[in-house]
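Asks: 3D, please:
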Amino acid sequence: MTIDTTTLHAPASLRAEHEELHRDLSRMMRQPGELGEAARAITKVVHRHFLKEEQLVFAPLAVLAQVAEGKIPDEAAEALELIERLKAELPQMIAEHREVVAELDRLVAAGVSAGDSGSVELANRLKLHAQNEEEILYPAAIILGEYLKLLAFR
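Replies: Take a look at the predicted model:
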């Protein structure tokens, strides 16, 4: 899935968190046996999911600070279009989180079995990351879209 976001770019702090998680998963993928296999399985799902989030959730949030200052951003229409796509794809994105969490449970089991506390810590960070997105970032993007709609009809 590729969406052309020529003017909106995901905030650097959100991109950095995804990049850090991706780097840690990449290192974990090089582990032998079940640890590496579990990390590779997670990475297959996470890579495309992260791209979707960066396009449909993070990029629209780039205008949030302007909106909070009472401004109507030039990119409001683009942000709203992306948020409408997010709303349409939200059930699939939540399902992807469930898939990732199931794979993370496998990583935890492999980590415990191998005595690798780093893999358990990474799995817990990824679970918390998904929870943060579901509880805060996804709803914030949707509320932003609803607010932008209200501004358009002033």
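Asks: the protein: helices as residue ranges?
Replies: Counting by DSSP state H, residue ranges of the helices within the chain are 12-29, 33-53, 59-61, 64-68, 76-114, 117-132, 138-152.
Asks: what pLDDT is listed against the closest residue to Ser119 other than its chain neighbours?
Replies: Residue nearest to Ser119 in three dimensions, not counting chain neighbours: Gly111, with 3.3 Å by Cβ to Cβ, 6 or more residues apart in numbering. Bear in mind the C-beta positions are built from the backbone N, C-alpha and C, glycine included. For Gly111, the pLDDT comes out at 93.
Asks: on that earlier part again, with mean neighbour count added, can I get the helices of the chain in JSON lines?
Replies: Below are these laid out as JSON lines (neighbours: other Cβ atoms under 10 Å):
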{"stretch": "helix 12-29", "mean neighbour count": "14"}
{"stretch": "helix 33-53", "mean neighbour count": "18"}
{"stretch": "helix 59-61", "mean neighbour count": "25"}
{"stretch": "helix 64-68", "mean neighbour count": "14"}
{"stretch": "helix 76-114", "mean neighbour count": "17"}
{"stretch": "helix 117-132", "mean neighbour count": "17"}
{"stretch": "helix 138-152", "mean neighbour count": "16"}
